[in-house]
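Peer 1: Provided below for reference: sequence and predicted model.
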Amino acid sequence: MIRYCQVHNIPYRRCGKVVVATEESELPRLQDLYQRGVANGVPEIALIGPEQLREIEPHAVGVRALHSPNTSITDYRQVVDSFVRDIESMGGVIKTGQEVTAIEQTDQQVRIKTKVDAFATRHLITCGGVYADRLAAASGGALDPRIIPFRGDYYILKESQRHLIQALIYPVPDPNFPFLGVHSTLKMDGSMWLGPNAVLAFGRESYRRSDFNASDLWETLSARGFRKLAFKFWRTGLDEMIRDFSQKLFVKSIQKYVPDITADGVDLGPSGIRAQALTAEGELVDDFVFDQVGAIIHVRNAPSPAATASLPIGEYIAKMAADTFDFHRPVAVAQS
Ligand SMILES: Cc1cc2nc3c(=O)[nH]c(=O)nc-3n(C[C@H](O)[C@H](O)[C@H](O)COP(=O)(O)OP(=O)(O)OC[C@H]3O[C@@H](n4cnc5c(N)ncnc54)[C@H](O)[C@@H]3O)c2cc1C
């Protein structure tokens, strides 16, 4: 992604990241993360002690940390705008405002109906995000893993406390949850976002606490996998919901590694919806899931960092298509 930004003149900043262990019990997981980073060729990562941590993040505390000096940030909107230009310059067409309502596959072609149009194609790749499971099911694929929407709110550090965090500070991930935990995100404009929390959203596009979609919610609550998950983690879920309504409790999770931040030092910012894949057995899926039904490939789960890793993921999917799609089948591609 850094190379892509360089080639396309998209500004980025090499700000670095620290993953901070605040308790001895987190050290084996931190060590594991370090070893995986080394195995995957992440450049210059190092395990550092509290003094070195203070040199990088003067207001952070921890027993040990993982430092990745090459971790960088960019403005992803500019990346996506550039992807659009790439696609169009190669003869591709991007159509927006076309909600897909039906997908039908015959021996000869795939028919796609949208709210405004209909298309016929030989092959189809879907990447539906929070609706990925519905698109897969619409074309005869399995409904599981299902997508459960989790809302994540961000808080923005006020100018008066902005000096307390330099760049990206993350907690050690909890292996039971695919969520990254509340962390700091430096934006290209210099602002510092804190979050996100992870609360069950009452609809797939329920970006605000008050948003509610009865049929989405019923679909979630009646899913076997969700009931199993809720039974196992009801306490964590409840704590998250309580924290959702308390700025003080939210800030407390940041104070674990930056104690000087205060509850009145942050403003409520925007929210996002995380499309979380869940198996029928109640397991949260934290890896990529692609599946294929004939001439259709579904990207069913592309969790974070799927934006950062979009280029290698795209390559992987293109290879999957090249290996399995029959590109030589002589069928006319038409729009009706
Ligand atoms: C709050 C938040 C912060 C994140 N931060 C990062 C980060 O810092 N770095 C990182 O790498 N990743 C991050 N991610 C994760 C990243 O956004 C996702 O991994 C990535 O967007 C997944 O890509 P996708 O193409 O699968 O789905 P999406 O990006 O959700 O795209 C799906 C698209 O399909 C469209 N669609 C859905 N249904 C239909 C339909 N029926 N008809 C037509 N179109 C449809 C949607 O409108 C959408 O445009 C973050 C996610 C969240 C929620």
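Peer 2: Happy to help now that I have it. Numbering: from 1, shown residues only.
Peer 1: shaky segments in the protein?
Peer 2: 178, 180, 235, 238, 241-243, 245, 329-336 (pLDDT under 70).
Peer 1: make it 50
Peer 2: 332-336 (pLDDT under 50).
Peer 1: and residue 322, backbone torsions?
Peer 2: phi -60, psi -40 (degrees, to the nearest 10).
Peer 1: how distant is the helix or strand harbouring residue 240 from the center of its chain?
Peer 2: Residue 240 is part of helix 224-244 when elements are defined by DSSP states H and E. Distance of helix 224-244 from the chain centroid (CA atoms, centre = their mean, to the nearest Å) equals 20 Å.
Peer 1: how about the residues of the chain near the ligand?
Peer 2: Contact residues (CB under 6 Å from any ligand atom) of the chain with the ligand: 99-100, 127-131, 135, 152, 196, 272-274, 299, 302-308. C-beta: built from backbone N, CA, C; applies to glycine.
Peer 1: next step: those residues restricted to helices.
Peer 2: residue 135 (DSSP state H).
Peer 1: PyMOL command for the buried members of the residues of the chain next to the ligand?
Peer 2: Applying 16 or more other CB atoms under 10 Å to the residues of the chain next to the ligand leaves a buried subset, and the PyMOL line that selects it is:
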select buried, resi 100+127+128+129+130+131+135+152+196+273+274+299+302+303+308
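Peer 1: let's see which of the residues of the chain next to the ligand end up in strands.
Peer 2: 100, 127, 152, 272-274, 299 (DSSP state E).
Peer 1: quick check, residue 212 in a strand?
Peer 2: No - Residue 212: not assigned to a strand; according to DSSP: H, G, I helix; E, B strand; the rest coil it is coil.
Peer 1: could you tell me how many residues sit around it?
Peer 2: Using other CB atoms under 10 Å, residue 212 has 12 neighbouring residues.
Peer 1: next one: residue 159
Peer 2: 10.
Peer 1: quick one, what contacts it?
Peer 2: With contact set as CB atoms under 8 Å, 6 or more residues apart in numbering, residue 159 has no partners.
Peer 1: partner residues bridging the closest residue to the ligand within the stretch 201-336 of the chain?
Peer 2: Here the residue of the stretch 201-336 of the chain nearest the ligand is residue 272; by CB to the nearest ligand atom that distance is 2.6 Å. Taking DSSP bridges as the rule, residue 272 bridges to residue 152.
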